[in-house]
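Peer 1: structure here, sequence nowhere to be found:
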Ligand SMILES: NC(=O)C1=CN([C@@H]2O[C@H](COP(=O)(O)OP(=O)(O)OC[C@H]3O[C@@H](n4cnc5c(N)ncnc54)[C@H](O)[C@@H]3O)[C@@H](O)[C@H]2O)[C@@H](O)CC1
Ligand SMILES: [K+]
């Protein structure tokens, strides 16, 4: 499924009317009807006699709310509509639907006097649910004062809110909130989900997201010019080919992991084991020579190779580079970075090694730090690098603050992927995988418990471990999906106390889960 920006959704609506003869009135009818059904689903089957407050603004989001009110009234719900805005701005479809509910005798109050605000406060206390049709995708800028007051009032009541299209006050293109926004229990969106449903704070305000096509032609919803794609189960199932019967350890990929320093052996362990656990045939782990023996003891299936040091327990210097170049011969994919340390002598080796590589490789953690102030070198790499930064690392790499990066994360990663000619895996509540051609994949797998040391090392190892098993450019997608799935499986036991080793341990089960989906076998 694609994820749309506001302009793209407007374009779909326009084409629906001009090319397919589908009027706004028809789409609004479907949107409002489905909203009423979503309220019924929330309240349970016996809605007759239940009390619902419908909040309507003067845009088409309000028009959807008037339609929903008509259907809810027909279902026997006790209903009050509170209107905020300027009725002279109604579109013809919104005006017509407002007139219809008025003629049906549904109570409509305009929030223009203290008395109506008082009435709303009392009605909200008694309400079983609230329908939020105040602002949809047409909202921009700072909330106007009366709307801000309304949203604060509703949020303060703690009622179950069904938001139409998007929680009022959330910017649909970014998920940003300027002051406040409605806290929804359920959001019912139309045509395609919007970017703001997936990125925080919008994602946290959306509640359960339902997507309804409201009858829009599939051709419009699958328009290739929409470059945001949801990495859902259906898409993930197509990525990783089944393991051939005559496979051998050489054909599944021999991976080189360049990682670790004194005090950071865990990162090297987690990344190298993750590559094996996701199905790579062999893993060679290159670590600073003084910790090599320790790593030998720590790992069983991983082969350990010592690399010359520039400081105690830290790899670096010309000899280290020579060793890495030699080690990369015959390997299928390379991961550089977890726990390497941030000495300049190490960074120099990382940059020179990356520039030399002509095979798929991942740069993570300290290898990303090595490129601070050297962005042009990234763009000049012979092989397109895969970068796996968390938002702090991404901000550091781009010389921005985390707040600036978060402000419009989609735009930021999309531009960075093009500028750095790299695949960027931006780890967040919704990990984004951005390609230099402008395509960005969103994943909702994973959970807040995974915000813990070492999970990034597991992800980097997962991605590199997949690179020889599939088209290497798609490995970040399969890797992010399987790592998120493993995290969800681990969270079902460990919850917020989850640690990176739990995720590592669940990688094979995530893989089994994916295989069952691919082969149609029962999923447990
Ligand atoms: N064909 C279509 O265009 C369809 C649109 N639909 C609905 O239409 C919505 C989009 O409708 P509109 O483009 O009319 O926009 P909205 O209804 O989202 O919002 C426009 C209204 O918001 C007010 N507003 C904007 N910024 C504000 C601010 N900072 N503070 C306070 N008020 C502000 C404007 O004054 C205007 O009244 C969608 O979200 C969806 O709910 C659905 O009916 C399905 C079909
Ligand atoms: K809304």
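Peer 2: Perfect, I can see it now. All values reported here derive from a predicted model rather than from experimental measurement. Ligands and ions are numbered 1, 2, ... in the order given.
Peer 1: can you list the residues of the chain near ligand 2?
Peer 2: Contact residues (C-beta under 5 Å from the ion) of the chain with ligand 2: 132, 163, 164, 168. The C-beta positions use only the backbone N, C-alpha and C, and glycine is treated the same way.
Peer 1: neighbours of residue 299, how many?
Peer 2: Residues near residue 299, counting by other C-beta atoms under 10 Å, number 18.
Peer 1: before we move on, what about residue 156?
Peer 2: When neighbours are counted by other C-beta under 10 Å, residue 156 comes out with 10.
Peer 1: check which helix or strand it maps to.
Peer 2: Per DSSP states H and E, residue 156 falls inside helix 145-157.
Peer 1: mind giving me JSON lines with the residues of the chain next to ligand 2 and columns for pLDDT, secondary structure and neighbour count?
Peer 2: Compiled in JSON lines, the residues of the chain next to ligand 2 are given as follows (pLDDT from 0 to 100; DSSP: H, G, I helix; E, B strand; the rest coil; neighbours: other C-beta atoms under 10 Å):
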{"residue": "132", "pLDDT": "98", "secondary structure": "strand", "neighbour count": "32"}
{"residue": "163", "pLDDT": "98", "secondary structure": "strand", "neighbour count": "33"}
{"residue": "164", "pLDDT": "98", "secondary structure": "strand", "neighbour count": "34"}
{"residue": "168", "pLDDT": "98", "secondary structure": "coil", "neighbour count": "28"}
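Peer 1: report how many residues lie close to residue 335.
Peer 2: 32.
Peer 1: need the pLDDT of it.
Peer 2: Confidence at residue 335, expressed as pLDDT, is 98.
Peer 1: the residue lying closest to it once chain neighbours are set aside: helix or strand, and which one exactly?
Peer 2: Leaving aside its chain neighbours, residue 335 sits nearest to residue 464 (4.0 Å; criterion: C-beta to C-beta, 6 or more residues apart in numbering). According to DSSP H and E, residue 464 maps onto helix 455-466.
Peer 1: for the helix holding residue 156, buried residues please.
Peer 2: Using 16 or more other C-beta atoms under 10 Å as the test for burial, helix 145-157 gives 147, 148, 150, 151, 154, 155.
Peer 1: okay, now the unreliable bits of the protein?
Peer 2: Low-confidence segments of the chain (pLDDT under 70): 522-524.
Peer 1: could you list the domains of it?
Peer 2: Domains of the chain are assigned by automatic domain parsing as 6-224, 235-391+445-518.
Peer 1: now render these as TSV, adding distance to residue 404.
Peer 2: Compiled in TSV, those are given as follows (distance: least, C-beta to C-beta, whole Å):
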stretch	distance to residue 404
domain 6-224	12
domain 235-391+445-518	10
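Peer 1: just name the most buried of those.
Peer 2: Stretch with highest mean neighbour count among these: domain 235-391+445-518 (a mean of 21; mean count of other C-beta atoms under 10 Å).
Peer 1: okay, how far is it across it, tip to tip?
Peer 2: Using C-alpha to C-alpha, to the nearest Å, one end of domain 235-391+445-518 lies 11 Å from the other.
Peer 1: chain center to that domain: distance?
Peer 2: Distance of domain 235-391+445-518 from the chain centroid (C-alpha atoms, centre = their mean, to the nearest Å) equals 21 Å.
Peer 1: equivalent analysis for stretch 390-399, please.
Peer 2: Counting by C-alpha atoms, centre = their mean, stretch 390-399 is centred 17 Å from the centre of its parent chain.
Peer 1: returning to what we had before: can you pull the contacts of the residue nearest to residue 335?
Peer 2: Applying C-beta atoms under 8 Å, 6 or more residues apart in numbering, we find residue 464 in contact with 255, 257, 271, 275, 280, 333, 334, 335, 360, 361, 362, 475.
Peer 1: if you set the cut-off to 6 Å instead, what comes out?
Peer 2: By C-beta atoms under 6 Å, 6 or more residues apart in numbering, the contact list for residue 464 reads 255, 275, 333, 335, 362.
Peer 1: against residue 219, how distant is residue 152?
Peer 2: For residue 152, the distance to residue 219 equals 42 Å [C-beta to C-beta, to the nearest Å].
Peer 1: from the residues of the chain next to ligand 2, which is closest to residue 71?
Peer 2: Taking C-beta to C-beta as the measure, residue 71 lies nearest residue 164 of the residues of the chain next to ligand 2, at 12.8 Å.
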